[in-house]
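Undergrad: Coordinates for the following, if possible.
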Amino acid sequence: MKNFLYELKLSYNRTGEYKKYDPIRSSKDVYQILSQVFDPDLMEAREEFVILYLNRANVVIGYYKAFQGGVSAVVADTKLILSMGLKSLASGVILAHNHPSGRVEPSDQDLRLTRRVKEACKLVDLELLDHMIMSADNGYYSFADEGKL
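TA: Now for the predicted structure:
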């Protein structure tokens, strides 16, 4: 009987028309990009969790629609968040999810997740730049802007 060790490969595939973005300078820049990523028809229906990955110059190199939840919660796995960042050789990470209720204030669970991901990022030389909570009608909440990082 033979033992096999499988080789893992990473490939980059652009989906849709490629648009190079300017470097991220503010939460408003992030919000404009995320507004194109989140499905506006689902913002009030269920929670989704999206991650932006950035290079050293703070330019978005890609995004990952990582997790989908229900009307009141979404479970985010730190290992998956970091794995995509490491595979894409990202330097920075921005977390984002929506609240179908329209409220953009972070829950205790949101605060715990942010702390957990920030600590994990430090271990692998990724920088958690922000965590944003999106709403269809009430704009957004930026953890970075509010000093919660």
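
Undergrad: so who does residue 59 touch?
TA: Residues near residue 59 by CB atoms under 8 Å, 6 or more residues apart in numbering: 20, 21, 22, 23, 24. Quick note: C-beta positions are derived from backbone N, CA and C, even for glycine.

Undergrad: which stretches of the protein have low pLDDT?
TA: Across the chain, the ranges flagged by pLDDT under 70 are 1-4, 6-20, 68-73.

Undergrad: Would you map the strands across it?
TA: Here the chain has its strands, by DSSP state E, at 48-54, 60-68, 92-98, 127-134, 140-142.

Undergrad: Redo these as JSON lines? Include mean neighbour count.
TA: Listed next are the strands of the chain as JSON lines, based on neighbours: other CB atoms under 10 Å:
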{"stretch": "strand 48-54", "mean neighbour count": "22"}
{"stretch": "strand 60-68", "mean neighbour count": "17"}
{"stretch": "strand 92-98", "mean neighbour count": "24"}
{"stretch": "strand 127-134", "mean neighbour count": "22"}
{"stretch": "strand 140-142", "mean neighbour count": "20"}
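
Undergrad: Indicate which one of those strands is closest to residue 80.
TA: Residue 80 lies closest to strand 60-68 among the strands of the chain, at 5.9 Å (CB to CB).

Undergrad: Could you name the helices and strands sitting against the closest one?
TA: Helices and strands touching strand 60-68, by 3 or more CB pairs under 8 Å, 6 or more residues apart in numbering; DSSP states H and E, are helix 27-37, strand 48-54, helix 78-87.

Undergrad: Name every strand pairing with that strand and say which way it goes.
TA: Here strand 60-68 has these sheet partners by DSSP bridges: strand 48-54 (antiparallel).

Undergrad: Give me the contact list for the partner strand.
TA: By CB under 8 Å, 6+ apart, strand 48-54 touches 24, 30, 33-34, 37-39, 42, 60-69, 74, 76, 81, 84-85, 88, 90-98, 129.

Undergrad: any idea how far the closest residue to residue 86 other than its chain neighbours lies from residue 83?
TA: Distance criterion CB to CB, 6 or more residues apart in numbering; nearest residue to residue 86, sequence neighbours excluded, is residue 124 at 6.2 Å. Remark: distance between residue 124 and residue 83 (CB to CB, to the nearest Å) = 10 Å.

Undergrad: Among those two, which residue is more densely surrounded?
TA: Neighbours were tallied for residue 124 and for residue 83 using other CB atoms under 10 Å; the higher tally belongs to residue 83 (13 against 10).
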